[in-house]
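Colleague: Coordinates only, no sequence provided:
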């Protein structure tokens with residue numbers, strides 16, 4: 001969706017906007033279901049990148065300890081526990097710049113993915129940058145979706161990260177899609193960006209072909225020791241507007257209410273669901289931040305008459321206009337397939 005159309009949508013009267021997003025949501029997702037995802041940090045801390053929002057960067061003093069890659073048995077056990085609690089997607093994140101074929105750590109990840117993929121859940125990983133070979137190997141091992149957020153607009157990106165570029169993000173996303181994986185890609189609100197930056201981010205995401213299978217909308221949780229530790233809390237109505245615009249711009253994607261949910265009341269979360277969110281991270285922790293407890297989430301979903309979506313490990317990403325093409329932002333960026 002072009003920027004001007006997104007700008008018009010975002011600035012509609014609040015109730016007019018969410019009425020429109022609700023109409024789109026009900027036409028594409030009529031079942032009143034929510035995808036329940038569990039996120040596990042399988043390798044925490046010590047990252048060489050300088051993402052200004054991240055407590056896992058080795059460049060900041062945040063109190064996050066750098067750990068080794070967790071053992072396969074423990075990860076599989078955590079995945080089984082997540083499945084028993086009702087999760088339909090198991091997401092594994094590692095604090096690395098990226099992975100390369102032939103390395104010991106990548107071989108270990110592939111082995112872990114193969115075992116987790118046998119549990120009947122959707123399998124998502126976020127491992128940093130990928131090339132075409134790594135993407136293909138992950139797909140063959142059983143990865144359902146690859147998470148790689150673009151975070152913000154291309155114009156604002158260099159203000160929050162300097163160790164890689166926005167085009168690097170697009171290149172990895174293209175490689176994941178070309179390998180046949182669905183892509184989970186969204187952004188973070190509260191990085192000092194403007195409304196225009198948020199809408200440019202959404203313009204880029206909606207230009208992917210195929211569309212992202214899921215779009216996480218994160219609200220920054222300022223982490224002590226990071227450059228953004230004093231950032232202002234995202235206004236709940238700004239969050240709802242972004243969820244509504246995302247639902248309209250990418251109607252076939254799951255819109256995930258992600259980081260920052262601990263700061264939302266039950267009523268605010270209900271408004272987010274009404275506006276088009278249909279996926280949450282489910283469990284007591286995200287990568288390094290707290291998350292609403294399982295019992296509280298179950299109670300809220302029951303109050304709202306929402307049920308858990310059935311997993312689809314072989315899901316295909318939503319198409320955009322039929323034939324696959326590169327997004328305008330990707331052309332000339334050295335993306336896989338360009």
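Modeller: Arrived safely. These figures come from a predicted structure and were not determined experimentally.
Colleague: distance between the ends of stretch 45-61?
Modeller: Across its full length, stretch 45-61 reaches 11 Å between end residues, using C-alpha to C-alpha, to the nearest Å.
Colleague: got the buried residues for it?
Modeller: Of the residues in stretch 45-61, those buried by neighbour count under the rule 16 or more other C-beta atoms under 10 Å are 45, 47, 49-57, 59-60. Placement of C-beta: from N, CA and C, glycine included.
Colleague: Reformat those residues into JSON lines and put distance to residue 197 and pLDDT next to each item.
Modeller: What follows is the buried residues of stretch 45-61, written out as JSON lines (distance: C-beta to C-beta, whole Å; pLDDT from 0 to 100):
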{"residue": "45", "distance to residue 197": "28", "pLDDT": "82"}
{"residue": "47", "distance to residue 197": "24", "pLDDT": "86"}
{"residue": "49", "distance to residue 197": "20", "pLDDT": "89"}
{"residue": "50", "distance to residue 197": "19", "pLDDT": "87"}
{"residue": "51", "distance to residue 197": "16", "pLDDT": "89"}
{"residue": "52", "distance to residue 197": "15", "pLDDT": "89"}
{"residue": "53", "distance to residue 197": "14", "pLDDT": "89"}
{"residue": "54", "distance to residue 197": "18", "pLDDT": "89"}
{"residue": "55", "distance to residue 197": "23", "pLDDT": "86"}
{"residue": "56", "distance to residue 197": "23", "pLDDT": "83"}
{"residue": "57", "distance to residue 197": "22", "pLDDT": "86"}
{"residue": "59", "distance to residue 197": "23", "pLDDT": "84"}
{"residue": "60", "distance to residue 197": "23", "pLDDT": "83"}
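Colleague: Now for those residues: which two are most distant?
Modeller: Spanning the widest gap among the buried residues of stretch 45-61 are 45 and 52, at 16.2 Å by C-beta to C-beta.
Colleague: before we move on, the earlier item: quick check: of the buried residues of stretch 45-61, which lies closest to residue 1?
Modeller: Proximity of those to residue 1, judged by C-beta to C-beta, is greatest for residue 53, which lies at 26.0 Å.
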